[in-house]
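Undergrad: I would like to see how this sequence folds:
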Amino acid sequence: MKLALDDLAASISAAPRPAPQPFSLRATIYTVLERFDHALSDLAEAIRADPKISSHHVQRAIILERLDRFSEARTELDTAVQFDPGNQNAWINRAILWARYGDFEQALADYDRAETAGGSQTWYALSGRARLAYVVGEPQRAFADWTRAAETSPLPMLAAQFHVRAGNLARDYLKDLDKALHAYGRALAVLPTYAQAVIERGLAYERSKRFDEAASEYRKAGDMTRTNPMDKATYDYSLFRLEVLRARLSRRAGDPLPPNIDVLSRSASIGKQQGRRIALVIGNAAYANVPPLMNSDRDAESVGAALSEAGFAQVTVGRDLDRNQLEASLQQFAREAAGADWAVIYYAGHGIEVDGVNYAIPVDASMDTLRDAPSHAISIDQMVAAVGPAKHLHMIVLDACRDDPFVQQAHRIAARKRTFDKSTDTALDQLLARRKEIGGGLAGLKTEHLNMVALYSTQPGEVTLDGDEFNSPFTRALLKNLPTPNLDLRSFFDRVRDEVTNGTQGRQRPAFNGRLREGERFFFFPTR
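TA: Numbering: from 1, shown residues only. Below you'll find the model as predicted:
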């Protein structure tokens, strides 16, 4: 990039009068390098040279939004659509900004304008509108938009992903099995090697109690991914689904386990020198009083699959736990941890911070119950206590910093009450700046004992990303690095942090708290 910067500097110096393009190109490079002050300075020069080029205002708005300078970003986007109402990218970015303001109605309207404008980003506008429709509780609209996004996508992988999203909506929220199976079939028609569509189809059969067909799909997904190291997480998940299916079919009448909790046990031949290792893995997605999360249940099941494959003696996987189930699971796990060398808890779902205390939100929570969080949510301190009895390693993994829906609801109420003129922007910026303080992220977790460690999906006070793929960016990084032979925990944490940070262009940066005893090393997959 240095050569490119040097060439552009030479071009700018040699020009008889300033031209906008070299400045905007150099600003693009500075943005990639996260040298935002330099990028903004160059864009100011590009706009000075020709103030009516709409794309330069969009480029500047994107940087300002990343810097949380919301009102300035909105001014740039207003200018961009004024100069060029056909600038599809400007409408899309203003829709994204409205969503951050909490005004989903305005965001949906701008996505509509982006679709009307037409262009190469139509698929992106449709997928963004689909995600927003999902968040506001309009699954039919989301299904239609994800289907159309798939049909307009230029890449087979994206098209397959969007068809799967549509299929999942039909399966889980529209309760339309035929429509779901059709969507998965379309995904595989676009990309026949897309094993995740096969797994989702297997889940559709499993939930319809067509167990033989479900098992056939899981075996098919395993065969598709068995020999590809890049698909190991998918392969592990296919084995996990088969194991869960066998466990459920073998349950006897009167089994105390509810259908949303599974306990998987194995002989732990892998990594037995690490001692007896157990894990409690929780994924809360189907919230009763706010829109469901898109990935947290799948993230938990994928992590459970990976830990089982790593030879953990016992992996308990719970999906969509209410408060009573969460508390009971933690109490049971604490008793089991007393006989374990490792105790690991992974939680994916919504989490809030109240007065410096972190809470996991059960699926039966509401705005009213969370006004008294200590009584109606589960303190993360209870998770710390549950791993405490283990002999050697006590580990918490929290993917619980998604953009809090209860805070979003408060923002939407505020958005309905205000008019959008420049005089309101100062107060609005203050509201958004406080978002992290009132629920958009968790506080740092204090770990006082050696070998008590906590891994966060993002920095304290910040918000994590769900992503549009099979798993969230954080879980994908976990699953990619967990099977690496002889990778000790310190290096594991470093790799996860770097991959998530780079993969999200710095928007999400995992954090690590705790201390491992000097000279003591821990491995998920030690070399035999």
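
Undergrad: For burial, what's the neighbour tally of the closest residue in space to residue 296 that isn't next to it in sequence?
TA: What sits nearest to residue 296 in space, not counting adjacent residues and going by C-beta to C-beta, 6 or more residues apart in numbering, is residue 348, at 3.9 Å. The C-beta positions use only the backbone N, C-alpha and C, and glycine is treated the same way. For residue 348, the neighbour count with other C-beta atoms under 10 Å is 34.

Undergrad: Show me what counts as buried in stretch 277-297.
TA: Within stretch 277-297, the residues scored as buried using 16 or more other C-beta atoms under 10 Å are 277-287, 290-297.

Undergrad: What average pLDDT does the host helix or strand of residue 307 get?
TA: With secondary structure defined by DSSP states H and E, residue 307 is part of helix 296-309. Mean pLDDT, computed over helix 296-309, is 89.

Undergrad: What of stretch 475-490?
TA: On average, stretch 475-490 scores 89.

Undergrad: thinking again about what came up before, how far does the helix holding residue 307 sit from the chain's center?
TA: Offset of helix 296-309 from its chain centre (C-alpha atoms, centre = their mean, to the nearest Å): 14 Å.

Undergrad: Now do that helix: which elements does it pack against?
TA: Judged by 3 or more C-beta pairs under 8 Å, 6 or more residues apart in numbering; DSSP states H and E, helix 296-309 is in contact with helix 232-249, strand 277-283, strand 314-319, strand 342-348, strand 393-399, helix 473-481.

Undergrad: how near is the residue nearest to residue 296 to residue 155?
TA: Distance of residue 348 to residue 155, computed by C-beta to C-beta, to the nearest Å: 27 Å.

Undergrad: Residue 476 now?
TA: From residue 476 to residue 155 the distance is 18 Å (C-beta to C-beta).

Undergrad: the more surrounded of the two?
TA: Using other C-beta under 10 Å as the criterion, residue 476 and residue 155 rank with residue 476 on top: 21 against 11.

Undergrad: can I assume that one is in contact with residue 232?
TA: No - at 11.6 Å, residue 476 does not count as touching residue 232 under the criterion of C-beta atoms under 8 Å.

Undergrad: So what's the residue count around the nearest residue to residue 197 once chain neighbours are set aside?
TA: Spatial nearest neighbour of residue 197, excluding adjacent residues (C-beta to C-beta, 6+ apart): residue 187 at 4.0 Å. Counted with other C-beta under 10 Å, the neighbours of residue 187 add up to 27.

Undergrad: burial count for the closest residue in space to residue 232 that isn't next to it in sequence?
TA: Using C-beta to C-beta, 6+ apart and skipping the chain neighbours, the partner closest in space to residue 232 is residue 483 (5.9 Å). Per other C-beta under 10 Å, the neighbour tally for residue 483 reads 16.

Undergrad: who's in contact with residue 483?
TA: Applying C-beta atoms under 8 Å, 6 or more residues apart in numbering to residue 483 gives the contacts 232, 306, 309, 310, 524, 525.

Undergrad: got any ranges where the stretch 101-250 of the chain has weak pLDDT?
TA: Counting by pLDDT under 70, the stretch 101-250 of the chain shows no low-confidence range.

Undergrad: Please enumerate the helices of it.
TA: 104-117, 122-135, 139-152, 156-172, 177-190, 195-207, 211-225, 232-249 (DSSP state H, counting those that start in this stretch).

Undergrad: now do the stretch 301-450 of the chain
TA: 323-337, 373-376, 380-387, 405-417, 425-433.

Undergrad: The third one - contacts with which helices or strands?
TA: Using 3+ C-beta pairs under 8 Å, 6+ apart as the contact definition, the elements that helix 380-387 packs against are helix 323-337, strand 342-348, strand 357-360, strand 393-399, strand 452-456.

Undergrad: Please identify the buried residues of the third one?
TA: By neighbour count, and taking 16+ other C-beta under 10 Å as the criterion, the buried residues in strand 357-360 are 358, 359, 360.

Undergrad: quick one: the helix or strand where residue 262 lies to helix 296-309, angle?
TA: Remark: residue 262 resides in strand 261-265, with elements defined by DSSP H and E. Comparing the axes of strand 261-265 and helix 296-309 via axes from the mean of the first three to the mean of the last three C-alpha atoms, to 10 degrees yields an angle of 10 degrees.

Undergrad: a helix runs through residue 514, doesn't it?
TA: No - residue state for residue 514 (DSSP: H, G, I helix; E, B strand; the rest coil) corresponds to strand; a helix is not indicated.
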